[in-house]
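Engineer: Quick one, fold the following:
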Amino acid sequence: MTAPGNKETVMPTYILNIHDDKECQAPGADKAIVRLTYALRNTISQMAGMVRALCIFSAADLNETPQFMIEDMDAFPLADGTQPLLPYSGKMKDTRLVVTALDFFWEGSYANGYRWKTDCFALSNLNIVEKHPYYKYTVYNALELARIFKYGDYAKINDPLPDVPEAIALIGNALKNDNIGQTTGRVALELLRNANGEDVVFCP
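Structural biologist: Just a heads-up that it's a prediction; the model follows:
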């Protein structure tokens with residue numbers, strides 16, 4: 001796995017190895033290129049928070065972020081020893097992002113039904129803090145709180161959670177209008193801003 005790019009200037013791009021079913025004889029993809037946009041980072045953070053809050057093993061959702069590639073074995077190796085990559089021409093089905101409490105990966109199947117899965121990537125490498133270091137409060141709790149401010153007194157448990165940027169705006173507005181306790185609002189914003197890729201100092 002490689003991680004070229006600088007987080008401060010561009011969205012980092014990760015190249016993940018793809019592992020096929022052992023029985024799969026047809027040529028498959030070798031690599032999955034994933035560009036970690038802020039929207040994708042927020043999705044991963046929200047799913048990881050849900051996993052921890054609900055005490056489940058993983059959460060999965062259809063997600064076609066990866067760009068699938070094959071190694072060009074007819075070309076000369078690159079300076080770093082890897083082979084140049086070419087777009088994979090086959091079809092992928094049911095590409096899903098799977099997030100656990102510790103890592104995330106993509107999985108799916110080829111058109112012939114054989115399964116594939118990418119390398120796992122640790123959440124810690126994204127510097128996402130799911131639980132506040134000083135309070136029993138998680139990103140998922142912060143999103144649930146933001147949902148109340150989004151839908152009002154009639155908010156339901158099955159109402160969609162706001163995404164992280166919207167949740168930051170909702171909590172910030174609630175703090176500004178004194179509709180939320182200062183400590184609760186601050187803790188929620190610290191978690192949400194960290195999930196949004198901002199530099200955050202967590203305060204006790």
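Engineer: Output the below-cut-off pLDDT ranges for this protein.
Structural biologist: Along the chain, the model assigns pLDDT under 70 to residues 1-11, 22-26, 128.
Engineer: Scan it for its longest helix.
Structural biologist: If you go by DSSP state H, the chain has its longest helix at helix 38-54.
Engineer: OK, contacts around the one residue sitting closest to the centre of the chain?
Structural biologist: When Cα atoms, centre = their mean is applied to the chain, the residue found nearest the centroid is residue 44 (2.3 Å). For residue 44, the contact set (Cβ atoms under 8 Å, 6 or more residues apart in numbering) comprises 97, 99, 104, 123, 126, 128. C-betas here are computed from N, CA, C, even on glycine.
Engineer: Show me what counts as buried in the host helix or strand of the first one.
Structural biologist: Using DSSP states H and E, the element containing residue 97 is strand 92-100. Going by neighbour count (16 or more other Cβ atoms under 10 Å), the buried part of strand 92-100 is 92, 95, 97-100.
Engineer: again with stretch 30-43
Structural biologist: Applying 16+ other Cβ under 10 Å to stretch 30-43 flags 30-32, 34, 36, 40-43 as buried.
Engineer: May I have that stretch as PDB, with CA atoms only?
Structural biologist: Provided in PDB are the C-alpha atoms of stretch 30-43 (Å, rounded to 0.1, in the frame of the first residue of the first chain):
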ATOM      1  CA  ASP A  30      -4.700  -5.900  -9.200                       C
ATOM      2  CA  LYS A  31      -5.100  -2.500  -7.500                       C
ATOM      3  CA  ALA A  32      -7.800  -0.100  -6.300                       C
ATOM      4  CA  ILE A  33      -7.000   3.600  -6.300                       C
ATOM      5  CA  VAL A  34      -8.900   5.500  -3.700                       C
ATOM      6  CA  ARG A  35      -8.900   9.300  -3.400                       C
ATOM      7  CA  LEU A  36      -9.700  10.200   0.200                       C
ATOM      8  CA  THR A  37     -11.900  13.200  -0.200                       C
ATOM      9  CA  TYR A  38     -13.300  15.000   2.800                       C
ATOM     10  CA  ALA A  39     -16.700  13.600   1.900                       C
ATOM     11  CA  LEU A  40     -15.400  10.000   2.000                       C
ATOM     12  CA  ARG A  41     -13.500  10.700   5.200                       C
ATOM     13  CA  ASN A  42     -16.700  12.000   6.800                       C
ATOM     14  CA  THR A  43     -18.600   8.900   5.600                       C
END
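Engineer: contacts for it?
Structural biologist: So stretch 30-43 is contacted by 11-18, 61, 63, 65-71, 85, 88, 97, 106, 118, 126, 128, 163-165, 195-197 (Cβ under 8 Å, 6+ apart).
Engineer: how about a cut-off of 6 Å?
Structural biologist: Around stretch 30-43, the neighbours that count as contacts under Cβ atoms under 6 Å, 6 or more residues apart in numbering are 11-16, 18, 65-71, 118, 163-164, 197.
Engineer: what about residue 199, neighbour count?
Structural biologist: 8 (other Cβ atoms under 10 Å).
Engineer: and the gap between it and residue 36?
Structural biologist: Noted for residue 199: a distance of 17 Å to residue 36, by Cβ to Cβ, to the nearest Å.
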